[in-house]
Structures are given as C-alpha cells and as structure tokens.
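# Mind looking at a prediction? Sequence and model below.
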Amino acid sequence: MAPLTAPPAATVEPEPVPDPLPPDRYLNRELSWLDFNSRVLALSADSSLPVLERAKFLAIYASNLDEFYMVRVAGLKRRAEAGLSVRSADGLSPREQLVLIGKETQDLATKHSRVLLDQVLPELESAGVHVISWKHLTKAERKGLSVVFHEQVFPVLTPLAVDPAHPFPYISGLSLNLAVTVRDLATGGEHFARVKVPDNVDRFLEVPRPDAPAGSVWFLPLEDLISAHLDVLFHGMEVVEHHCFRVTRNADFEVEEDRDEDLLQALERELARRRFGSPVRLEVADNISEHMLELLLRELDVHADDVIRVPGLLDLTALWQVYGVDRPQLKDAVYVPLTPPAFGERETPKSVFAALREADVLVHHPYDSFSTSVQRFIEQAAADKDVLAIKQTLYRTSGDSPIVDALIDAAEAGKQVVALVEIKARFDEQANISWARKLEQAGVHVVYGMVGLKTHCKTCLVVRREGSTIRRYCHIGTGNYNPKTARLYEDVGIFTADPDIGADLTDLFNSLTGYSRVKQYRNLLVAPHGIRSGIIERIEAEATRHSEGLPAGIRLKANALVDEEVIDALYRASRAGVEVDIVVRGICGLKPGVPGLSENIRVRSILGRFLEHSRILHFVGADEYWIGSADMMHRNLDRRVEVMAQVKSPSLTPILDEMFTMALDARTRSWVLDGNGQWNAFPATGEQVRDYHQDLIKAHRHRYNS
C-alpha cells in the first residue's frame, strides 16, 4: 500500500504589481503657461480674424505677461534669492526655471513686436487706422500737436535729474518712462534724467486730419510727442540720447492672517507696500545704448538676465485704446446674449422662483444673458417681499456692479443679507475693500473669508417664505458675479430649488460665516477637503468599470491641470484602458499620448473670441456631470474654498454633452498637446476648420428658436 501523502498546495498567483509611474511624467508649470500665452499671441497673427481683434490679442498677451512676471516670476525669484531648493514637479530648481523663462520670454517679445510691426499695423493702415511716428507728421500737424503738448502734457511732466544732489528716482511698476542723457553746453558734462510718460493722458493721441477719408484715424504715441519736445524740458541742454524703458515689480505678497487681528487693515498695509516691490523685469527699447542700459541695471538693481529688449513700442496693453475705435467692420460681429426660455422675456418677466419650482435651469454665458438670468435672480430676490435672506460669495465684480446694488437694496428693505467678499482676490483687492465697506454701510453682513483660505466659490442662496413653508433657491456657477466679464468669459451655472443643495449651501455659508466645520455634503464637492478626493474617487471608479467590461470614459474641461495627484489618477486610468479627453485653456502638467503611460489621453486647448473659463467634469460610465469653480491646481484644491455641483437633470446634461462634442470635434480649431510638451495647431492648414465659439452661438440660437 502506497504511503499517504498530502496533496500539493494550491498555487496562489500574486496580484500583479503595476509599474511605478515614471519620474519624468510632468511638464513644467511655468513653461506651460508661456506656451498658453504663445497661443494667445498666435491669434494676433491669424489673418482670418478681423484686424482689431488681432490688436486686442496683442494687448491681452502683454497684460497676461505683466501679471505672470508680477506673481509667478516674482515668486521664483524670491525662492531663488532665499536659497530654497524646492524643485518643480518636473525637477527644475527656481534658478533653472528663471533662466528658461527669460530665454523664452525674449523670443516671444521679439515675435510679439514683429506681429505688430509687420502684420497688424500695416493691415490697420490699409483699413484707415494709422499709428504713426513724429517724423511722419506734416509741419502743420507738428505745430498743432505742439500746442497740445504745451497745454495738456507739459504741465504734468516732471523731469527728474540724477546727480549727487538728486538720487535715482523711484520707478513705479508698469509705468512707461524715458531715459534721457543730456549734455551741459557750458561744461560739456553729460547727465542722466528720467521722464515718466503720464498715465492720466491717452497713450495714443489722435492727430486731426480734416481732409482725411471718412472713418480714418491717425494716432501718435504719447512718448513720441514728449521725445520731440525734450528740448523744452531740458532748456539750455543738448539731448544726446533717449530711450523708453519699463519696470515690472513684485506684486505678490502674503498677509500673515494668524498674526493680524484685522484682516482688512493688514491687507491695506500690504497693498501700500506692493508698489515698492523689487524689480523682476526691465523692458527696454532694443536700440538702447549699452552705457544707458548699464546705468539702468545698476540703479534699478536689476540683473542682466531680467532684461527684455523690445523692438518698437513698449507696453502694448495700450492697444486696447486702438481697439476702441468705432470701426465695427474691423471687429467680430456684435453678439447679443439670449434669455433662457425658462426666464422668458415678456411684458412682465417671468418670476425666477416660479421657473425654478418647475425645473432646474442651466445657463451658459456669454451665450445666455447674465443680466436676464443671474442678475435678475438676485434683483428679484432683493425686491421680493417674501424673500427673507440672501447669502452670496463675491470674488470679483464690476466697477458699477448691479449685484452689489441689489444686495444693498435687499438690506435696506430689511432682509438678512450676507456677502462674503474675498478681499484677497489678487489685483482686485482695493476694489473689493471698497465694495465691502459700501455693503457694510448699507447694513449688509460682510464677511472677509476664512483664515488661511481664499473663498473662490461662486454661490448664491436665497431663502423665501412660501405660505407655511420655507424654500431655498440656489445658484452655483463657474464664473464671477461680474456682468462685464460675463460678456467675454465663457462660464456655466445652475439654478435649482433642490432641497438637498439648498441644505448644502446653508451648511457651507454657516462654515464661511461662523464656526461650523462641515466637511461632508450631500450633493456638493467642497474644497479644501472634498474636491480632490471626490474627483480621484470617480476617476478610479471609471477604471473599475472599464475592467469589468462596462462603458467608461472621462471628459474634463478646465483652465489649468497641474495637480499631481489628479494627473497621476488620470495616468492610472489611461493605463487601465479608460479613454480620457481633456480641454484645457492654459497650463497643463500632464503629458498625453506617452506609450505605457498616457496613450489613451488626449489634450487640446481652445482659444478665441471668448475666454474659456468653465470647469466641467464628465464621468462617462457613471454618466455624472459636475460643474464648479475649481481648477485642478494645488491652490484651488488645498488653499481655497471651492464648490462643485452635480448637474443631474436629464434635460440639462445634453447641453454639457454638446459643449464637449463640439470641443473635441476633429475639425474644431484648437491646439493639440503631444507627449513632448509641444502644442500643435489643429487641424492642419488646408483642412476644413470649425470655429468653436461661432458654432456654439449657432447652436444656442437654434436650441432657443426650435
């Protein structure tokens, strides 16, 4: 009899360990931003666009770059000077990034000027809009403009000498200046002086030409007029040379909120210091002499690497003035936003509250009118005798804001009104402080946000008595409560009377205004505690669905995608086979199309007539659509109060689906990102092209007229 033996143990196959994600999987944030601004610049060179729109994009490019230097470059310089070795996600030190930024910016500055000088100005001239120099004026025109100089410009000029008795003057950030060398005719000695080009006089002076064709206009740069009259400013001296220059200063600052008891006073103190920030960029005319440049570098304490040489005009943000000429045929056709049918125009506009009791409403600006949707919602709430309370966040608003006026009216009518004014909204701090004080004087309960966090969410909660019950009406959007930018910025927002969302917003406002610390919400994702984890959880769920043979996919639309945890979750989803489509306006730190990492991910960018600003997520397998205020960035997910809401109504999700379908159409004009970080114009030259914004205008009209 054979001996008894134990059966062989069953072999258990270990779970496969996924390959680690490669260390070089991120693109540099700062260089990606410069790529974004380069795409803005490309629009100015697009001959298919009306010429004044191209001039506008030149101005937008310049304004974008100013802010980039004031904040991002300033931050890198501060870290480099402090010896901090914190590297970017792609492994670069602050100093290495600054070197790359300087080189790229110089190349773009040259291209920026060449587009103006070689393309836009000649085309404007052909259309009757001329930007000319002093040498192109007739004697009679020079005589007339000399009168303008003596009467309107000369009185506000203050030439400042530099000598042992006169220290080098303070140069304010972003001001345009003339650096002048003069020679004393008596002694032969040469001296330096600075003349500030006044910013309270139009940068471009209109040259009267009575015999010119109707509709034509001639502009002379103000610095040309001043340069032609330097002998008046330096009487008895010989003008040896003069050149334009411009300094950009560090405008990034932090308020020590834990130290300061009064956030408002602390912020005002820091704002006063902003104008004295250290220089981070020196722009000079490209023909400046080395002697003059060395003097500016020494006196301004600017490193040679921070100099940008500019051919032609400096500070092209002034082209907004040229864009303002009354030549509609040289601009995009005027688009008049439509009123959502639910809020239909009648002799007496339909009550927003009656409409929302019937169904949720999704608005898409600027295709939908802000004034007859968001603004009307708040104004009707202010005027409605049954409304008991209005609670609203204000991050940025316009100078003559009807939203602020409505909140004041509501407070004066005895309603409880709470406004959370984010006074730390960069470059709008002073305006927001003014609004906050105006609201407080009217009896509005004003809150300045939470310590350590910016309140960036776009929410409004209206509490209304209806018979024996209380009903809450809500608006949650992706854009600011600003009627002016709502005509230019693309954003979406949802109006709802859903009780759970109303309860969520009530909890949120209690957290913002009091000591409540709610972290879990019924129908919202709220940062800094819930958005990143909520998004990653849903990305992973799509990967699980795909592994189970179920439909899956991810579509994401944002201004920026740089959060490493979200990017890594998308990489893992791609490795699992999930198709991912990303539409990003600006920065993208993800590398698409890399074999073994992201071959299922596609990234494109759409720029054009309207500024793409909405943040939308679609988890295809779960068929969940989310909209909100948060970009996929550290600051949004960790250091801001952000809100994302799910759009559940089956009647509304097709609108969001249509947006994605159009954006991802192979014929839509866009830029496509490759795995090397290069953005390529798409579709190729000669192929059929669709304009995303024009297509949405047509679709919107069709939807409302059908």
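It's in.
# who's in contact with residue 618?
The contact partners of residue 618, by C-beta atoms under 8 Å, 6 or more residues apart in numbering, come to 553, 554, 555, 556, 624, 625, 626, 656, 657, 660. Every C-beta, even on glycine, is put in place using the N, C-alpha and C of the backbone.
# Using the three-state scheme, assign it.
Put simply, residue 618 is strand when judged by DSSP: H, G, I helix; E, B strand; the rest coil.
# just residue 287 next, same as before
coil.
# out of everything not next to it in sequence, what's closest to it?
What sits nearest to residue 287 in space, not counting adjacent residues and going by C-beta to C-beta, 6 or more residues apart in numbering, is residue 243, at 7.0 Å.
# burial count for that neighbour?
Using other C-beta atoms under 10 Å, residue 243 is surrounded by 20 other residues.
# cool, and residue 161?
Neighbour count for residue 161, taken as other C-beta under 10 Å: 15.
# low-confidence ranges in the chain?
Scanning the chain for pLDDT under 70 picks out 1-18, 164-165, 253-276, 345-349, 398-399, 424-429, 516.
# can you point me to the longest strand in it?
Criterion DSSP state E: the longest strand present in the chain is strand 237-249.
# Give the buried residues for that strand.
237, 242, 243, 244, 245, 246, 247, 248, 249 (16 or more other C-beta atoms under 10 Å).
# what pairs with the first one across the strands?
The reference is to residue 237. residue 184 (DSSP bridges).
# same for the longest strand of the chain, what does it pack against?
Under the contact definition 3 or more C-beta pairs under 8 Å, 6 or more residues apart in numbering; DSSP states H and E, strand 237-249 sits against strand 176-184, helix 230-233, strand 279-285, helix 290-300.
# deepest of the ones you listed, which one?
Compared across those, strand 279-285 shows the largest average neighbour count, a mean of 23 (mean count of other C-beta atoms under 10 Å).
# Summarise which helices and strands that strand is packed against.
Strand 279-285 sits against strand 237-249, helix 290-300, strand 307-310, with contacts defined as 3+ C-beta pairs under 8 Å, 6+ apart.
# Those: which one's closest to residue 637?
strand 237-249 (29.0 Å; C-beta to C-beta).
# ok now the closest one, how far from the chain's centre?
Offset of strand 237-249 from its chain centre (C-alpha atoms, centre = their mean, to the nearest Å): 32 Å.
# re the thing from before, to residue 155, which of the helices and strands packed on strand 237-249 lies closest?
Residue 155 lies closest to helix 230-233 among these, at 11.7 Å (C-beta to C-beta).
# contacting residues around that closest one?
With C-beta under 8 Å, 6+ apart, helix 230-233 has contacts from 149, 150, 154, 157, 159, 178, 180, 195, 226, 239, 242.
# if we take those, which one ends up nearest to residue 642?
Distances from residue 642 to those, taken by C-beta to C-beta, are shortest for residue 178, at 45.4 Å.
# Looks like that closest one contacts residue 225 (just checking).
No. Counting by C-beta atoms under 8 Å, residue 178 does not reach residue 225; the two are 11.3 Å apart.
# circling back: inside helices: which ones of the contacts of residue 618?
Among the contacts of residue 618, the members falling in helices are 656, 657, 660 (criterion: DSSP state H).
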